[in-house]
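> What shape does this take:
(chains A and B)
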Amino acid sequence: MTAGRPIPSFEGWRALVVHRPHANVDATLLQFERLGISAAHCWPEMAGDTGLSQWNVLVIDADMGYDGQFPWQPGAAPMPIIALIGSEAPGRVSWAMNQGADAHLLKPIGSAGLYSALVIARHSFAQRTALAGEIASLRMRLQSREALAEATALLMVRDNISSRAAFQKLRMQAMSERRAIELIAEELIAAVDLERKQR
Amino acid sequence: MKPGVGPFCFLGVQMAGESVIPIGILFSRSGPYAEPGQEGFDGAMAAIDEVNRDGTFPFSLDPVIRDPQGNTDRYAPFCREMVGQAGVRHVVGCTTSWSRKEVIPVVEKMDALLWYPCVYEGFEASENVVYVAACANQHLLPLLDYIIPRFGRDPLLLGSNYIWGWETNRIAREVVTHSGGTVLAERYVPIGDSDIAHLIAEIRAKRPDFILNNLIGSSSYAFLRAYHALGLEDPSFRPESRPVISCNLYEGEIADLGGAAAGHYSVSCYFQSLQTEENRLFLERIGAANRTQPVTAFFAESYASVLMIANAIRSTGADAIEPVLSAVTTEALPSPFGNILVDRRTNHVAMPAHIARAGSDGAFEVVHEAQSAIEPDPFLTRTRFGVPTNDQSEQDDKSGFLRVVR
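The predicted model follows:
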C-alpha cells in the first residue's frame, strides 16, 4: 500500500460559479457551503472590477458557456476549473477541455461529487502549472546547450585543459555563485568576445 | 402517493367500472417551436383516442396535459407535478434537447419514464427515457451519404445558436473533412432571429455545393424564403444546383412556405407521402383526410410512443416502468415507421432514414425510400464518417444505408 496524500485543506478558499440561475447552481453553492468554502455565482460574464485574484476555483457551465466568456486565453486560467456538464455531446466536452477544465461534474448536481472534483481539480491545476514551469525551464536550458558547449571549448583552449576539467570549472563557478551553469557559460562567451574586440 | 396509482397498482384507478391510467402529455404548443410541439401533441392525443375507443384494451388512458409554452424552466415543475400529484408514470413530450435535459432529473428521481418523440443530436442514453426519435446516425449521416455524391463536398453550415445546431454541424464537419471536402463557413443565429441577410450575402460570395440548415422555426423560414429569392435572381442558387438540406424540416413547414422550400431536401423516419400499405392504413386510422394540418414525423413518433405504452401496459398488466420497459424491448410493435423494438442498451429504436424533396404543393416527394431501419448509435462510437463514393452509394441504396459497423 502506498502512503496516502495528506488531507487537502481548502481553508480560506473562495469559489465562483459561472452559470445561469438554476437548481444546479443552488445545489453547487450548497455543497460549497458544506465544505466551508465561500462561494458566489454570476452569469454570463465575470464581474471585471471584483478582481480575479480573489477566486481560488472557478466552476463553469459546459452547456451554455461560450468562447471569449473569460478574460484569459482558453486553457490559461489562473485557477483550477471545474466544468458542470449536462450534455455529453463531444462539442460541449471539447469546449470544456479547451477552457482547461481540471475536473468535471455531471448535471444534475445533487448533494455529493463536488469535494472529489475539487480535490482533483486542485491537484491537476498544481501539476499542470508545475509542469508548465518545468517545461519552460528545460526549454531554456536546451536553447543554452550550444552556449555551454562553446564555453567549454573556449576554456579548453584558453587554459589548455581537458573538456571534463573545463566543464567542471563552469559547474563549480555556477555552484559557488548559485546561478545556472548556462548563464555562467553565456557570460564567459560574452567576456571572451569583448576581449577579442578590445585587442 | 395517491392510492391505486403507484408503480405496483394493477391497471390504474377504478373509475365507473373502468380502469383509468393517467399519461402525461408535455408539449409546448405556443412559443418559438409551437408547430412541432402541436404535432407531437396531436399524435399523442390521436393514439390516446384510438386506445380508448379500442375494446381490446382493458383500461382507458387519461391525458394529463401541460403546456410549458416554450419556457425551458417550466418543464421540470410540470413534470414533477404530473408524476407527484397526478400519479403519472409515463410522460410523452419535449421537443428541444434543453427541455429534455430539464425533465430527465425529475423522471430519474421520481421513477417515471419520458417518451421523447423528436429527432435530436444524440449523445445521451438515460435509463428513464425511451427515445422514439432518430439520433445523428439515423438522420444526418444518411442524408450526407445521399447528398455529397450528388452535389459535392464543400458545404456551408447554418444553425440556430443552441446544441442541436452546434452538434449537428460538428458531426457534418467531421463527415465533410473525412470525405476530403471543406466547410466553407459555419454560422449561427439566435433562436427566433429572422435577420439573415448576411447569411445570404455570404452564400452568394462563397458558392457552397449545398447548405446544411439546422436553423429552427422562424429563422429557418426566413432563411428559406430569402434563399428562394436569391435563386430567382441568380439561377446558380436554385435547389437543382445548390440545395438546402435539413434534418428538421417537416410537412407543415413546407406547406406554410409555399414554393419557397420547393426542391430542397429533408431526411426523416416518416413522411406523410410514403407510398406503403402500413402508411395508408395509419393515415386512414387517424383520419388524416379530415385533418387541416399534415401528418409529420413528430405526430407519428408521439402516436407510436402512446401505442407502445398502451400495448406494454396491456401485456404486463400495470403501468410500472420496469415491466413496461422490458415489454417494449422484447415485443416489436408495428408503427408508421416500421416495427419498433426498443434497444435495451441505449433505449433508442432502430429507424429508417427516408430522404425526400419538398414539392411546391407543400408535400414531400420521397426520393430515397429506405428499405431497412438503421440501428441506433447515439454516441457515434460504432459509425464510420467518410461518405462513400458513387458506386458504394448505390450499393448502400439497396441496404438502406446501414451504417453501423458491427
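> Surely residue B:321 and residue B:128 touch.
Yes - taking contacts as Cβ atoms under 8 Å, residue B:321 lies within contact range of residue B:128: 7.4 Å. The C-beta positions use only the backbone N, C-alpha and C, and glycine is treated the same way.
> what residues are shared contacts of the two?
Common contacts of residue B:321 and residue B:128 (Cβ atoms under 8 Å, 6 or more residues apart in numbering or on different chains): B:111, B:112, B:113.
> Now the residue nearest the centre of chain A: which helix or strand?
The structure's chain A has its C-alpha centroid closest to residue A:129; by Cα atoms, centre = their mean the separation is 1.9 Å. For residue A:129, the element it lies in under DSSP states H and E is helix A:114-143.
> Residue A:16 now?
Judged by DSSP H and E, residue A:16 forms part of strand A:14-18.
> in the helix or strand that that strand is followed by, what counts as buried?
Going down the chain from strand A:14-18, the next helix or strand is helix A:23-34, by DSSP H and E. By 16 or more other Cβ atoms under 10 Å in any protein chain shown, the buried positions in helix A:23-34 come out as A:24, A:25, A:27, A:28, A:29, A:31, A:32.
> and what of stretch B:147-156?
Residues B:147, B:148, B:149, B:151, B:153, B:154, B:155, B:156 are the ones in stretch B:147-156 that count as buried (16+ other Cβ under 10 Å).
> The fourth one contacts residue B:239, doesn't it?
No - using Cβ under 8 Å as the test, residue B:151 is too far from residue B:239 to be in contact (9.9 Å).
> so where do the strands sit in the stretch 251-400 of chain B?
Secondary structure of the stretch 251-400 of chain B (DSSP state E, counting those that start in this stretch): strands at B:265-268, B:354-358, B:364-368.
> tell me the contacts of the residue nearest to the centre of chain A?
If you count contacts by Cβ under 8 Å, 6+ apart, residue A:129 has none.
> Which of the shared contacts of residue B:321 and residue B:128 fall in helices?
With DSSP state H as the criterion, helices contain none of those.
> which among these end up buried?
B:112, B:113.
> rewinding a little: between the buried residues of helix A:23-34, which is nearest residue B:331?
Residue B:331 lies nearest to residue A:24 out of those, by Cβ to Cβ, at 37.6 Å.
> got the phi/psi numbers for the closest residue in space to that closest one that isn't next to it in sequence?
Using Cβ to Cβ, 6 or more residues apart in numbering or on different chains and skipping the chain neighbours, the partner closest in space to residue A:24 is residue A:109 (4.5 Å). When quoted as degrees, to the nearest 10, the phi and psi of residue A:109 stand at phi -80, psi 130.
> Could you tell me how far residue A:109 is located from residue A:123?
Here the criterion is Cβ to Cβ, to the nearest Å. By it, residue A:109 lies 21 Å from residue A:123.
> Which one's more surrounded, the two?
More neighbours surround residue A:109 than the other of residue A:109 and residue A:123, with 24 against 15 (other Cβ atoms under 10 Å in any protein chain shown).
> which residues touch that one?
Applying Cβ under 8 Å, 6+ apart, we find residue A:109 in contact with A:23, A:24, A:27, A:28, A:31, A:84.
> same deal with residue B:298?
Contacts of residue B:298 were listed using Cβ under 8 Å, 6+ apart, and they are B:36, B:39, B:40, B:43, B:95, B:117, B:118, B:250.
> same thing but at 7 Å, please
Residue B:298 makes contacts with B:36, B:39, B:40, B:43, B:117, B:118, B:250, as judged by Cβ atoms under 7 Å, 6 or more residues apart in numbering or on different chains.
> Excluding chain neighbours, what is closest to the last one?
Using Cβ to Cβ, 6+ apart and skipping the chain neighbours, the partner closest in space to residue B:250 is residue B:296 (4.2 Å).
> give me the low-pLDDT residue ranges for the chain?
You didn't say which chain, so I picked chain A. Scanning chain A with the threshold set as pLDDT under 70 gives A:1-3, A:47-50.
> not quite, I wanted chain B
B:1-17, B:388-406.
> tell me which parts of it are close to chain A?
Within chain B, the positions lying close to chain A (Cβ under 7 Å from any Cβ of the partner chain) are B:97, B:101, B:105, B:121, B:123, B:124, B:163, B:166, B:167, B:170.
> If we use 6 Å, what do you get?
Along chain B, the residues adjacent to chain A under the rule Cβ under 6 Å from any Cβ of the partner chain are B:101, B:105, B:123, B:163, B:166, B:167, B:170.
> Most widely separated two among those residues?
B:105 and B:170 (25.3 Å).
> Mind giving me the PyMOL select for the residues of chain B next to chain A, buried ones only?
Buried members of the residues of chain B next to chain A, defined by 16+ other Cβ under 10 Å, are picked up in PyMOL with:
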select buried, chain B and resi 101+105+123+163+166+167+170
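> Return the member of the residues of chain B next to chain A nearest to residue A:194.
Using Cβ to Cβ, residue B:170 comes nearest to residue A:194 of the residues of chain B next to chain A, at 59.3 Å.
> Report the contact partners of that closest one.
Going by Cβ atoms under 6 Å, 6 or more residues apart in numbering or on different chains, residue B:170 touches residue A:91.
> need the helices for the stretch 251-400 of chain B, in chain order.
Remark: helices assigned in the stretch 251-400 of chain B by DSSP state H, counting those that start in this stretch are B:251-257, B:277-285, B:297-316, B:321-330, B:390-399.
> which one of the contacts of residue B:298 has the most neighbours?
Of all those, the most densely surrounded is residue B:40 (31 neighbours; neighbours counted as other Cβ under 10 Å).
> Provide the secondary structure category for that residue.
Assigned with DSSP: H, G, I helix; E, B strand; the rest coil, residue B:40 falls in the helix class.
> Against residue B:295, how distant is it?
For residue B:40 relative to residue B:295 (Cβ to Cβ), the value is 12 Å.
> Check residue B:320 too.
For residue B:320, the distance to residue B:295 - Cβ to Cβ - is 32 Å.
> Among those two, which residue is more densely surrounded?
residue B:295 (26 against 19).
> domains of chain B?
Using automatic domain parsing, the domain parsing of chain B gives B:13-134+B:275-330, B:137-274+B:352-399.
> and what of chain A?
Chain A is divided into the following domains under automatic domain parsing: A:14-135, A:144-198.
> what does chain A put close to chain B?
Residues of chain A found near chain B (Cβ under 6 Å from any Cβ) are A:86, A:87, A:88, A:89, A:91, A:108.
> Which of those fall in strands?
Per DSSP state E, strands hold no members of the residues of chain A next to chain B.
> Select from these the one having the most neighbours.
Neighbour-wise, the residues of chain A next to chain B (other Cβ under 10 Å) top out at residue A:89, 26 neighbours.
> pretty sure it is touching residue B:168, no?
No - the criterion here is Cβ atoms under 6 Å, and residue A:89 misses it with residue B:168 at 9.8 Å.
> Check the spacing between residue A:54 and chain B real quick.
To chain B, residue A:54 is 31 Å away according to Cβ to the nearest Cβ, to the nearest Å.
> How about the contacts made by residue A:186?
Listed by Cβ under 6 Å, 6+ apart, the contact partners of residue A:186 are residue A:147.
> and it, backbone torsions?
Note on residue A:186: backbone dihedrals following degrees, to the nearest 10 are phi -60, psi -40.
> And the helices in the stretch 1-150 of chain B?
Going by DSSP H, counting those that start in this stretch, the stretch 1-150 of chain B shows helices at B:34-53, B:72-85, B:97-110, B:140-151.
> same check, this time on chain A
Secondary structure of chain A (DSSP H): helices located at A:23-34, A:90-98, A:114-143, A:145-159, A:163-177, A:181-198.
> And the ones you listed: which comes nearest residue B:340?
Nearest of the helices of chain A (Cβ to Cβ): helix A:90-98, 27.5 Å.
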